[in-house]
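>>> please find the sequence and the predicted model below.
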Amino acid sequence: MDIKAIKTEEDYNQALSRLEVIFHAPVDSKEGDEADVLSILIEKYEDEHYHIEAPDPIEAIKFRMEQMDMTNKDLAKIIGYKSRVSEIFSRKRKLTLKMIRNLHEKLKIPYESLITDY
């Protein structure tokens, strides 16, 4: 096991290649331990170099609806009126605190995604 910090894109690609080889190693083996450590190093490098912004609230809601095969009518039951859904999706109306709470509780959308500016 020759593990080192990932500092360059080349180091990153080598770590990914190695992880592909040992990904399914038994948990309590040397290769399993190596896979755990490599995963942590890769995640740290990706967080620093490939940061992905959270989607705005509207996109988060639409994505979750798609995942759950929901319609606008289904969403109206969660946030209020059907006209509210249209106003929110067209960005004419902001989400209220009550809507945010309902979306979090019923659709399991993280609060962080629902309270960002849009």
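Received the coordinates, thanks.
>>> what's the next secondary structure element after the strand or helix carrying Val21?
In the assignment (DSSP states H and E), Val21 maps to helix 9-22. Using DSSP H and E, the helix or strand that follows helix 9-22 towards the C-terminus is helix 30-49.
>>> got the domain ranges for this structure?
9-49, 57-114 (automatic domain parsing).
>>> distance to Asp2 added to these, as a markdown table?
The way it works is simple: take the backbone N, C-alpha and C, and place the C-beta from them, glycine included. Shown next, in a markdown table, are the domains of the chain (distance: least, CB to CB, whole Å):
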| stretch | distance to Asp2 |
| --- | --- |
| domain 9-49 | 9 |
| domain 57-114 | 38 |
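>>> take the ones you listed and lay them out in CSV including mean neighbour count.
Formatted as CSV, the domains of the chain follow (neighbours: other CB atoms under 10 Å):
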stretch, mean neighbour count
domain 9-49, 13
domain 57-114, 15
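>>> okay, the ones you listed in CSV with mean pLDDT next?
What follows is the domains of the chain, written out as CSV (pLDDT from 0 to 100):
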stretch, mean pLDDT
domain 9-49, 94
domain 57-114, 94
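>>> next up, phi/psi of the residue nearest the centre of the chain, please.
Taking CA atoms, centre = their mean, the centroid of the chain lies closest to Ala54, which sits 7.2 Å from it. Phi and psi for Ala54, reported as degrees, to the nearest 10, are phi -70, psi 150.
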